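Asker: Need coordinates for the following:
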Amino acid sequence: MSITEKLSDFVATLSLDDLPPEVLHAAKKCILDTIGCGIAGTTTAEGLAVISGTGRLDEGKSATIWGHGSRMSVANAALVNGVAAHALELDDWWGNLHAGSVVIPSVMAVAELEGSTGEEILTSVVVGYEIAARISLGGGIDTHYVRGWHPTGTCGTFGAAAATGKLLRLDKKRLSWALGLAGTYTGGIWAFLADGAMSKRLHPGKAAHSGILASYLAKQGFTGPTKILEADFGGFYATYVPGSYDLNCVTDNLGKNFAILENHFKLYPSCASTHGAIEAAIELRKHFSIDEMERAIVRVSDVVEKLCGGKEIRTTLDAQMSIPYAVSAVFLSRQASLSEYSLEAIHGKRVREIIRKVDVVGDSKTEGTTTSVEVTTKKGDSYQTTIEEPKGGPKNPLSLDEIRRKFFGLAVPVVGDAKAESILNEVENLENRQNVRELCGNLARS
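Answerer: Prediction:
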């Protein structure tokens, strides 16, 4: 079998009984976290724009727009909810992609149309995360990034196709077609860094939309390339990361190790690569007053410096992708909440004065999320700390109670206490639900 066919076989044959309890627990945390982000995200400029723009092209009523009163066709609802889930930069992540904001909107939209069970949703979410993560890993986490591709858009499409194909109960052949179609219609590039554009938010939504389309086409017999990953000419890896991929990574220990257990959840509304700097800044700020600060140096990996070293802050996205801004905002307010990333905050005179004193240095010996921050004062004092893994990763996880608090903080202002409580109960008992349409209905604002 081709690599694509091996993945299709895994997706087709996996059942809920194959999943360890900790995998199901992780899937529920991912669903709850992503839904909370999506509900709150519909109130953002990006969320409102995509609802309005997509709504002009769509008169469907099949699926719920989270945190909003409208409904759209399945594919467009997934697009909108995917954009909204990513709009606040609070959605979960693994390696170099945001699987949740792709997989979960696509699964929930299809499940609402098809009347799927909670068991089917949980299994589909697990396979969606798994396929997206494995395809991303095969392309090299840093290599794919450095070439300018955003894996949430490129690899996420495969995850959406696998997850929705599982929900549609496609056989192995049609699943391989769905993955092939997803791979031939995937994209997402980092050009948004140049001017802080909203296009980054579009990537998970478009990946969800494309994955759904791929699955429904495959169901009707529309064929896709069954060697989409490994084809020498025009294959995903040969095209997106030529000469830099490892096919063995894609299928090693498939069905034994689950990527969803390595997922990271966010406490701070910014790129995950800034979180180490945020936590270091929170700690260091205890030791000096802001008027005493002379300079701050942040040491990170070369890749992180490339992505998050910018100081030109024009938009919210610029701020979310900037370590100098994150450190400066924390030095001012001693926290990194949604308030610190408001338009009023990012254009504040004081924070811009501090940004000029914060420099980011790339270090080829630094790996992953490891971040060191050193502050020197006008008196010559020096304070330094290193964060190996910020709060939220598997080595320093968020508890279920912390995920719940985050969810309520995002959902209650939009849908109210009663609906938020109902959503939490539905998700935490999802394996016992025979039809998830009640849950989906609660995701809408009254």
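Asker: Going along the chain, name the strands of this structure.
Answerer: 63-64, 71-72, 293-301, 358-363, 371-377, 382-387 (DSSP state E).
Asker: Show me what the second one is in contact with.
Answerer: So the one you mean is strand 71-72. 54-55, 58, 60-65, 77, 80, 444 (CB atoms under 8 Å, 6 or more residues apart in numbering). Quick note: C-beta positions are derived from backbone N, CA and C, even for glycine.
Asker: repeat for the third one
Answerer: The set of residues external to strand 293-301 that reach it, using CB under 8 Å, 6+ apart, is 273, 276-277, 280-281, 308-309, 323-324, 327, 331, 354, 357-364, 366-368, 370-378.
Asker: same thing with the first one?
Answerer: Counting by CB under 8 Å, 6+ apart, strand 63-64 makes contact with 71-74, 77-78, 108-109, 112-113, 440-441, 443-444, all of which sit outside it.
Asker: pLDDT-wise, which helix or strand of the protein ranks last?
Answerer: Lowest on mean pLDDT, DSSP states H and E among the helices and strands of the chain sits helix 141-146, with a mean of 81.
Asker: Residues contacting it, please?
Answerer: When contacts are defined by CB under 8 Å, 6+ apart, helix 141-146 is touched by residues 95-96, 136, 151, 154-155, 190, 240-241, 244-245, 303, 306-307.
Asker: So which of those wins on neighbours?
Answerer: Highest neighbour count within the contacts of helix 141-146: residue 155, with 32 neighbours (other CB atoms under 10 Å).
Asker: Can you tell me the closest non-neighbouring residue to that residue?
Answerer: Leaving aside its chain neighbours, residue 155 sits nearest to residue 136 (4.1 Å; criterion: CB to CB, 6 or more residues apart in numbering).
Asker: Walk me through the domains of this structure.
Answerer: 3-267+399-442, 272-387 (automatic domain parsing).
Asker: Quick one: neighbours of residue 20, just the number.
Answerer: Counted with other CB under 10 Å, residues neighbouring residue 20 total 10.
Asker: For the stretch 1-150 of the chain, which segments count as helices?
Answerer: 3-13, 21-41, 45-55, 74-86, 100-114, 118-138, 141-146 (DSSP state H, counting those that start in this stretch).
Asker: can I get those helices in TSV with distance to residue 202?
Answerer: Formatted as TSV, the helices of the stretch 1-150 of the chain follow (distance: least, CB to CB, whole Å):
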stretch	distance to residue 202
helix 3-13	26
helix 21-41	13
helix 45-55	8
helix 74-86	6
helix 100-114	11
helix 118-138	17
helix 141-146	18
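Asker: among the contacts of strand 63-64, which ones are buried?
Answerer: 71-74, 77-78, 108-109, 112-113, 440, 443-444 (16 or more other CB atoms under 10 Å).
Asker: Just give me the closest of those residues to residue 268.
Answerer: Ranked by distance to residue 268 (CB to CB), the buried ones among the contacts of strand 63-64 are led by residue 443 at 24.4 Å.
Asker: which residues touch the closest residue to that closest one other than its chain neighbours?
Answerer: Spatial nearest neighbour of residue 443, chain neighbours left out: residue 66 (4.5 Å); criterion: CB to CB, 6+ apart. Residue 66 makes contact with 35, 38-39, 42, 81, 84-85, 105, 443-444, according to CB under 8 Å, 6+ apart.
Asker: residues near residue 191, how many?
Answerer: If we define neighbours as other CB under 10 Å, then residue 191 has 12 of them.
Asker: Identify all contacting residues around stretch 13-25.
Answerer: Here stretch 13-25 has contacts from 27, 119, 122-123, 126-127, 166, 255, 258, 260-261, 400, 431, using CB under 8 Å, 6+ apart.
Asker: Taking the residues you listed, please make a ChimeraX selection of just the buried ones.
Answerer: A single ChimeraX command is used to select the members of the contacts of stretch 13-25 judged buried by 16+ other CB under 10 Å:
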select :27,119,122,123,126,127,166,258,260,261,431
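Asker: Next, format the contacts of stretch 13-25 as JSON lines and append distance to residue 318.
Answerer: As requested, these are arranged in JSON lines below (distance: CB to CB, whole Å):
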{"residue": "27", "distance to residue 318": "33"}
{"residue": "119", "distance to residue 318": "43"}
{"residue": "122", "distance to residue 318": "37"}
{"residue": "123", "distance to residue 318": "39"}
{"residue": "126", "distance to residue 318": "35"}
{"residue": "127", "distance to residue 318": "35"}
{"residue": "166", "distance to residue 318": "38"}
{"residue": "255", "distance to residue 318": "41"}
{"residue": "258", "distance to residue 318": "35"}
{"residue": "260", "distance to residue 318": "31"}
{"residue": "261", "distance to residue 318": "33"}
{"residue": "400", "distance to residue 318": "33"}
{"residue": "431", "distance to residue 318": "42"}
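Asker: What subset of the contacts of strand 71-72 is buried?
Answerer: Restricting the contacts of strand 71-72 to buried positions leaves 54-55, 58, 62-65, 77, 80, 444, with burial counted as 16+ other CB under 10 Å.
Asker: sorry, back to before: most neighbours per residue, which of the domains of the chain?
Answerer: Greatest average neighbour count among the domains of the chain goes to domain 3-267+399-442 (a mean of 22), per mean count of other CB atoms under 10 Å.
Asker: how about the buried ones among the contacts of strand 71-72 in CSV, adding distance to residue 100?
Answerer: What follows is those, written out as CSV (distance: CB to CB, whole Å):
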residue, distance to residue 100
54, 20
55, 24
58, 23
62, 22
63, 17
64, 17
65, 17
77, 16
80, 15
444, 20
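Asker: With respect to pLDDT, which of those ranks lowest?
Answerer: Here the lowest pLDDT out of these sits on residue 58, with 87.
Asker: ok, that one - contacts?
Answerer: Each residue near residue 58 by CB under 8 Å, 6+ apart is listed here: 72-73, 76.
Asker: out of the residues you listed, who's nearest residue 234?
Answerer: residue 76 (28.7 Å).
Asker: distance of the closest one from residue 133?
Answerer: 26 Å (CB to CB, to the nearest Å).
Asker: and what of residue 368?
Answerer: Noted for residue 368: a distance of 16 Å to residue 133, by CB to CB.
Asker: my guess is residue 31 contacts residue 125, does it?
Answerer: Yes: proximity of residue 31 to residue 125 meets the contact threshold set by CB atoms under 8 Å, at 6.3 Å.
Asker: Need the residues touching each of the two.
Answerer: Listed as contacting both residue 31 and residue 125 by CB under 8 Å, 6+ apart are residue 104.
Asker: any chance you could read off phi and psi for the residue sitting furthest away from the middle of the chain?
Answerer: Here the chain reaches farthest from its C-alpha mean at residue 379, the gap being 42.5 Å by CA atoms, centre = their mean. Dihedral pair for residue 379: phi -80, psi -10, per degrees, to the nearest 10.
Asker: Adjust the sequence numbering to begin at 104 for everything that follows.
Answerer: Will do, 104 is the new start, and the previous item becomes residue 482.
Asker: Kindly give the local confidence score, pLDDT, for it.
Answerer: The model reports residue 482 with a pLDDT of 95.
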